[in-house]
Every structure is written in structure tokens, then in C-alpha cells.
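Asker: Okay, structure incoming, though there's no sequence with it:
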């Protein structure tokens, strides 16, 4: 199935403002690998090939920039955003997902939306790509571990999808479930988390326009290691709240269990809003290292409340965010 | 029959171990300078911490290995390996003070007091300092062999503290495979000493 498409039928050119050099870099690396292949032989070819697949190289995804919801900060290099990942289904080290996620089959793929909704539905990726106009949004991403990136995601507000299934009056929470398949995901052998990976949001958080159902990044289809083919991005929360490779969305009347909260309730709360005033038990969250900025010879950046997305603060009026961390 | 080496041969082995022991450090420097590390701070902190632990285990392994193998020349490597333990612990500490806190000593101490896993790691590092400082022949003479030996038994306290530091650090992610492995290694290396010192005491009592 051809992926290059646009919501309004006009094939938009790949936006030239989106760090073209990062894409060029990727292409150059690929060409360099091809050259190495000629020199060294088929083993290297296979590796180059595998990586090309893992990174969804060449599969462009046209979108329109949503400038109002985008930051103008310097975008993180594609190589870093696609090579430094936490995706435990493919291993615990940051480099593991890029190395191992080539085994993930992203097509065919279906996403089931059910629970407290009037119109439960199962959608394939092509339907998801057509459900609403694709937007490019450049968001800050703050990892709970203390590092951050700036990434141009491609997708649309999750609310577009949720409105279509018509949540009932009982729908108070939304649960997101990641694929858990031993055959595709070598990391499932580790007992660090209770698989499948489950995350959750309150319904008003899920309906917030910033909450992005994400199908691509850097003008391309999502690389496998970044949570292909469909993931969530909730930019005012720590990265682990944004579930990857989602197979099921359930609307619930009660708060769902979530993977990290189950594993270490003292360290990872249900809300996990980016908050410089609430420390992680093992480190301060007051500052962060922006990946790609030479962090060693300059002080770290100050972390901003809600990762700088102040427009969500009204969702938490009157809540003690130290208690509901 | 245990292999014994001449002084010259021991010198060569020492030089080789010295170069090998610097390789992990060279990797950290190269990875940072070349931009190969996506997150240099994390890579340096993790790499130096791991190697401090490896060298700690190797240091503690010298005596048991010497006793079991009869390779007495191994003892001549122990000081250098011990100093590499300190070296990597120092790099680990500097990563924490410089790169993480950017020399904000007050902030650093706040962090140390607040977080038990940092506190035990910090104590282990502080306790290593007198051992490194008294590692020269001159200091051994000045202290006297017996007192020097007592001081250097601090390593029996430092090793469990280092394991605890590692254990608590990994506890957040329920990732205990490595802490258990290194905990067992240290436990065995320390238990051997207990066994040997008991046998020695019993032999002395009989005599």
C-alpha cells in the first residue's frame, strides 16, 4: 500500500524547514553503507538493509505544519531521535530498540477502540492515516530519566478518533495497550515490566488538543524503534506515558493500571506530568540534558512546568500535584 | 607447579595490565569527543561506575586467585588494580559533581543527603580516598605494615557499600540480574577471607 499521501488529495512537498540536513545525513549514511557493502560483502549488506527497514527509510509522510502548536527550538538530529530510545520490548539499553526493532511487523496492523463507547471500532493503519488531516507538530519530549529532545511528529489530535467512537457518559479514563508478541519482541523475556505495556490518561487529558495520535516523525513513517506504526505523544508528561505500537484503546469508568506505576509506584505516578518541583526518588527533575547540545561543558537546562505546555494547567486546577505526581 | 615470573616478566605484565585498564577510559573520552555518545553524561556516569565495580571485584580477587593458583607475582599487580578502582570511582564522582551538578557543591550535597543510593556510593568513594593516598611504599613504611593493613581492610566495608549503591540504583526498574551477580561475586570473595582467617586462627590455636 502506498503510504505517501495527503489528507486533501494534494501531494504536499516535504516541508523544507524540517531539518533537511538530518534526512540528508540519513541518506548519506545509507549510501556510505552501500559502499561499505560493495567492499565488505553480504553480511554488511544485510545489516544495512535491516537498519534501513527498522528506520522506515524513504517512506515519506506528507503533512501540514501546525505552527501554533510547534516550538521553534532546534530540532534534535534524526539519528539521535531514532537511535536513542526506551522501548523495553526490544531491550533495556537505549541502542537496543534501533538494533532489534526490525522484527516488528507494522503491516498489517489493527487498532481496536472499545469499552465505554457507543461505536467500538477496529481500524487498520490506512484508515487511521485517513481519519483526520495529518499535521506536523514540533514538540519537546522530556524523558523521566532527565534528558530531552525536540521532535517533529506527524499525526493528529487523539480527540479526532475518540469523538468518532462516541464515548459514553461513563468514560472517565482512556487506556492504551502496546503490542506484546514474543515472536516480534525479544525484550518480553525480561521481567522488568508486566507485559503488555499499558498506559493511561484521564479522558480530559486524552481529549486535549495537544495529545497527538502519532503516525510519523521527521516527515516519515515512524521508525519501528519509535513505536511504529501508531503511538501516542503527550508532550506535557514524561515520555513513558506516551505508549508505543498501540493495538488497543479502551475507554473506562475507572483509572486503569499502568505498567510503570505497577512496577515502581513510588517512582512513577499515574499522572507523571513533567514537574521540576517533584523529584524522582533517585534524582532531581529540576533540570534536563537536551540531547545534542554539548551538555558536558555547560549547565543543564531548567525543566519547565508541564514541559512548557502551560495551556494544560487548567486540567489540574485545585489538584495537589505533589500528591498526584 | 605454579608458574613464577621474573621481575622483568612481572614488569611486562604490569605494563600490559596498565594499558588494558586505561582502554575503558579511552573509550569514554573518544565517545564523548567524537560525538558517538548520544548522551555523554549518561554514558560517562554508567561506564565509569561499571568499571569501578569491575576493578573493585578484580582487586578483591587478587588474593584468592594468588592463594588458589600459587601465582605469587599476582600480588605485585594488586596496588595498580586497586588504584584503577579509585580512578574509575573518581571519574564517576566527577561526572556527578561536574557534569550533573556543574560544580554546584551545595546542590550536590543536597542530592547526596536526600538520596540513600547516592549517599552510600558517596561514602564508599570517600572511604577509597585514604586507601589511594596511602598506597605508596613510603606511606606503608610510615604507617607500619600492621596499621597499614588494618586501614586497607576498609575495602571490606567499601565493597558491600558499592554493591548496595548499585542495587538501589537498579531497584527502580526491578532490574536485579547484575546487582545479584556482583553481589554474589563480592560475597564469595569476602567469604573466602573469613574461611581462611578462621582456619589460620584454628591452626594458630593448635600450635
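Answerer: Looks like it came in fine. Keep in mind that what you see is a predicted model, and the values were worked out from it rather than measured.

Asker: ok, residue B:193 - contacts?
Answerer: By CB atoms under 8 Å, 6 or more residues apart in numbering or on different chains, the contact set of residue B:193 is B:63, B:64, B:156. Placement of C-beta: from N, CA and C, glycine included.

Asker: low pLDDT regions in chain A?
Answerer: For chain A, the stretches with pLDDT under 70 are A:1-58, A:294-295.

Asker: cool, chain B as well?
Answerer: Residues of chain B that meet the cut-off, pLDDT under 70, sit at B:1-2.

Asker: For the chain, which segments count as strands?
Answerer: Chain wasn't specified; assuming chain A. With DSSP state E, the ranges of strands along chain A come out as A:64-65, A:110-115, A:121-124, A:135-142, A:147-157, A:173-178, A:198-202, A:212-217, A:220-221, A:231-233, A:246-252, A:287-290, A:301-302.

Asker: now the helices: where do they sit in the chain?
Answerer: All of this refers to chain A. For chain A, the helices defined by DSSP state H cover A:20-40, A:42-54, A:78-81, A:96-100, A:125-130, A:158-165, A:203-207, A:259-263.

Asker: I was after chain B.
Answerer: B:7-33, B:40-69, B:75-94, B:105-114, B:116-133, B:137-143, B:145-152, B:155-171, B:177-206.

Asker: re earlier: please list only the buried members of the contacts of residue B:193.
Answerer: B:63, B:64 (16 or more other CB atoms under 10 Å in any protein chain shown).

Asker: Which of the contacts of residue B:193 sits closest to chain A?
Answerer: Using CB to the nearest CB, residue B:156 comes nearest to chain A of the contacts of residue B:193, at 26.7 Å.

Asker: Any figure for the gap between the nearest residue to the closest one once chain neighbours are set aside and chain A?
Answerer: In this structure, residue B:156 finds its nearest non-sequential neighbour in residue B:190, 6.1 Å apart by CB to CB, 6 or more residues apart in numbering or on different chains. Noted for residue B:190: a distance of 27 Å to chain A, by CB to the nearest CB, to the nearest Å.

Asker: if I read this right, residue B:190 contacts residue B:60, doesn't it?
Answerer: Yes: counting by CB atoms under 8 Å, residue B:190 does reach residue B:60; the two are 7.3 Å apart.

Asker: List the contacts of residue A:203.
Answerer: A:167, A:171, A:172, A:173, A:174, A:251.

Asker: residue contacts, the third one?
Answerer: With contact taken as CB under 8 Å, 6+ apart, residue A:172 is in contact with A:202, A:203, A:252, A:253, A:254, A:255.

Asker: May I see the PyMOL selection of the buried members of those residues?
Answerer: To isolate the buried ones among those in PyMOL, judged by 16+ other CB under 10 Å, type:
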select buried, chain A and resi 202+203+252
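
Asker: Not counting sequence-adjacent ones, nearest residue to residue 159?
Answerer: No chain specified, so I'll use chain A. residue A:207 (4.7 Å).

Asker: Chain B, not that one
Answerer: residue B:186 (4.9 Å).

Asker: same check, this time on residue A:316
Answerer: residue A:273 is the one closest to residue A:316 (CB to CB, 6+ apart), at 7.3 Å.

Asker: So which residues on the stretch 51-200 of chain A come close to chain B?
Answerer: A:80, A:83, A:84, A:92, A:94, A:145, A:147, A:190, A:191, A:192, A:193 (CB under 8 Å from any CB of the partner chain).

Asker: and which of the residues you listed is nearest to residue B:117?
Answerer: Using CB to CB, residue A:145 comes nearest to residue B:117 of these, at 14.8 Å.

Asker: okay, now the closest one: neighbour count?
Answerer: Residue A:145 is flanked by 19 other residues according to other CB atoms under 10 Å in any protein chain shown.

Asker: Next: the one 5 residues further on.
Answerer: Burial measure for residue A:150: 20 neighbouring residues, criterion other CB under 10 Å.

Asker: and if you look at residue B:107?
Answerer: For residue B:107, using other CB under 10 Å, the count is 16.

Asker: wait, it sits on residue B:101?
Answerer: Yes: Residue B:107 is within contact range of residue B:101, at 5.1 Å (criterion: CB under 8 Å).

Asker: if I look at the closest residue to residue A:270 other than its chain neighbours, how far off is chain B?
Answerer: Nearest residue to residue A:270, sequence neighbours excluded (CB to CB, 6+ apart): residue A:261, at 5.6 Å. According to CB to the nearest CB, residue A:261 and chain B sit 13 Å apart.

Asker: Same question for residue A:59.
Answerer: Residue A:59 is 23 Å from chain B, by CB to the nearest CB.

Asker: sorry, back to before: from residue B:115, how far out is the residue nearest to residue A:159?
Answerer: 37 Å (CB to CB, to the nearest Å).

Asker: just residue B:187 next, same as before
Answerer: 25 Å.

Asker: Residue A:284 too?
Answerer: To residue B:115, residue A:284 is 9 Å away according to CB to CB.

Asker: And for the most centrally placed residue in chain B, nearest residue in space, chain neighbours not counted?
Answerer: Geometric centre of chain B, nearest residue: residue B:56, 2.6 Å, by CA atoms, centre = their mean. What sits nearest to residue B:56 in space, not counting adjacent residues and going by CB to CB, 6+ apart, is residue B:85, at 4.9 Å.

Asker: so what's that neighbour up against?
Answerer: Shown in contact with residue B:85 (CB under 8 Å, 6+ apart): B:52, B:55, B:56, B:58, B:59, B:128.

Asker: right, and the pair among the residues you listed with maximum separation?
Answerer: B:58 and B:128, at 14.7 Å, using CB to CB across these.

Asker: So for the two, which residue has more residues nearby?
Answerer: Comparing residue B:58 with residue B:128 by other CB under 10 Å, the one with more neighbours is residue B:128, at 24 against 19.

Asker: Residue B:158 is in contact with the more buried one, correct?
Answerer: Yes: Residue B:128 lies in contact with residue B:158 (CB under 8 Å); the separation is 6.1 Å.

Asker: Report the beta-bridge partners for the closest residue to residue A:177 other than its chain neighbours.
Answerer: Excluding the flanking residues, the one nearest residue A:177 by CB to CB, 6+ apart is residue A:248, at 4.2 Å. Beta-bridge partners for residue A:248, by DSSP bridges, are residue A:112, residue A:177.

Asker: Burial check on the closest residue to chain B within the stretch 51-200 of chain A, number of neighbours?
Answerer: Going by CB to the nearest CB, chain B is nearest to residue A:84 of the stretch 51-200 of chain A, at 4.1 Å. Here the count is done by other CB under 10 Å, and residue A:84 has 23 residues near it.

Asker: Likewise for residue A:108?
Answerer: Neighbours around residue A:108, by other CB under 10 Å: 10.
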